[in-house]
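> I would like the atomic coordinates for the input below:
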Amino acid sequence: MKREISVRRAQLDDLSAIVELRLALLREYHDHPLYGNRRPDAEDRAYDVFRAQLNSPHDMILVAEVERRVVGVMRCVDTPSSPLFFPERYCYVSSVYVRPAERRKGVLRALLGAADRWCEEHGIGEMRLHNSATAAVAEQAWSALGFEIVEHVRRRPLSTEGVAHSGSVTTDAHPATR
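Purely as a prediction, here's the structure:
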């Protein structure tokens with residue numbers, strides 16, 4: 001029996017599921033130098049952050065469902081490029097997560113297909129994303145879906161003297177992920 005995966009644009013009613021999945025993504029990277037330095041109140045903050053993304057005219061959050069249960073999430077941001085380079089804008093893909101039990105069953109491919117259609121409808125001809133260099137499975141999945149590595153994000157921690165908490169100096173790899 002073939003399982004049907006449906007993908008749709010997320011609504012405010014999906015906020016709890018989005019928060020759940022995106023925090024699960026962060027938990028998987030608990031030892032990552034950027035994503036492992038979560039604030040103690042991250043879950044409380046997540047509701048405001050993701051609600052704002054759902055309401056943003058530049059963002060689209062997709063959810064994948066199997067049997068009416070949200071099993072995956074993907075955020076797409078219509079992002080302006082540098083005025084010095086083409087393309088003028090691109091789709092920045094972030095916060096992609098598929099529940100572990102649903103992986104390798106076509107959920108990510110279905111999310112990406114919906115993102116492709118959104119890009120086409122909006123005249124966007126390129127997608128970009130960051131993924132953790134420590135996640136071999138993610139590296140393989142994105143490569144298999146046609147993404148190539150074009151740069152590396154590097155980090156150099158500075159002295160935290162005078163800073164209340166080292167987490168307050170950690171930033172995301174890309175402004176679109178904030």
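> now the strands for the protein?
5-9, 59-66, 69-80, 89-98, 127-129 (DSSP state E).
> Just put those strands in JSON lines and tack on mean pLDDT and distance to His152.
Placement of C-beta: from N, CA and C, glycine included. Listed next are the strands of the chain as JSON lines, based on pLDDT from 0 to 100; distance: least, Cβ to Cβ, whole Å:
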{"stretch": "strand 5-9", "mean pLDDT": "98", "distance to His152": "30"}
{"stretch": "strand 59-66", "mean pLDDT": "98", "distance to His152": "26"}
{"stretch": "strand 69-80", "mean pLDDT": "98", "distance to His152": "19"}
{"stretch": "strand 89-98", "mean pLDDT": "97", "distance to His152": "17"}
{"stretch": "strand 127-129", "mean pLDDT": "97", "distance to His152": "14"}
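> Now tabulate these in TSV and tack on mean neighbour count and distance to Ser143.
Converted to TSV, those look like this (neighbours: other Cβ atoms under 10 Å; distance: least, Cβ to Cβ, whole Å):
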stretch	mean neighbour count	distance to Ser143
strand 5-9	15	21
strand 59-66	21	21
strand 69-80	21	17
strand 89-98	22	14
strand 127-129	18	12
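> Quick one: low-confidence residue ranges for this structure.
Residues of the chain meeting the criterion pLDDT under 70: 1, 162-178.
> rewinding a little: in CSV: the strands of the chain, plus distance to Trp118.
Below are the strands of the chain laid out as CSV (distance: least, Cβ to Cβ, whole Å):
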stretch, distance to Trp118
strand 5-9, 8
strand 59-66, 6
strand 69-80, 6
strand 89-98, 8
strand 127-129, 10
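> wait, what's in contact with the residue most central in space within the chain?
Compute the mean C-alpha point of the chain, and by Cα atoms, centre = their mean the closest residue is Ser95, 1.6 Å away. The contact partners of Ser95, by Cβ atoms under 8 Å, 6 or more residues apart in numbering, come to 22, 25, 61, 73-75, 177.
> repeat that with 10 Å
Ser95 makes contact with 18, 21-22, 25-26, 50, 53, 61, 73-77, 129, 176-177, according to Cβ atoms under 10 Å, 6 or more residues apart in numbering.
> that older thread, which one of the strands of the chain lies closest to Leu111?
Using Cβ to Cβ as the measure, strand 69-80 is the one of the strands of the chain that comes nearest Leu111, at 4.3 Å.
> Dump the C-alpha coordinates for stretch 128-136 into PDB.
Extracted C-alpha coordinates of stretch 128-136, given in PDB (Å, rounded to 0.1, in the frame of the first residue of the first chain):
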ATOM      1  CA  ARG A 128      20.400  28.100  -1.400                       C
ATOM      2  CA  LEU A 129      20.700  26.500   2.000                       C
ATOM      3  CA  HIS A 130      23.200  25.800   4.800                       C
ATOM      4  CA  ASN A 131      23.400  22.500   6.400                       C
ATOM      5  CA  SER A 132      25.600  21.200   9.200                       C
ATOM      6  CA  ALA A 133      29.000  19.900   8.100                       C
ATOM      7  CA  THR A 134      28.700  17.300  10.900                       C
ATOM      8  CA  ALA A 135      25.600  15.700   9.400                       C
ATOM      9  CA  ALA A 136      26.700  13.100   6.800                       C
END
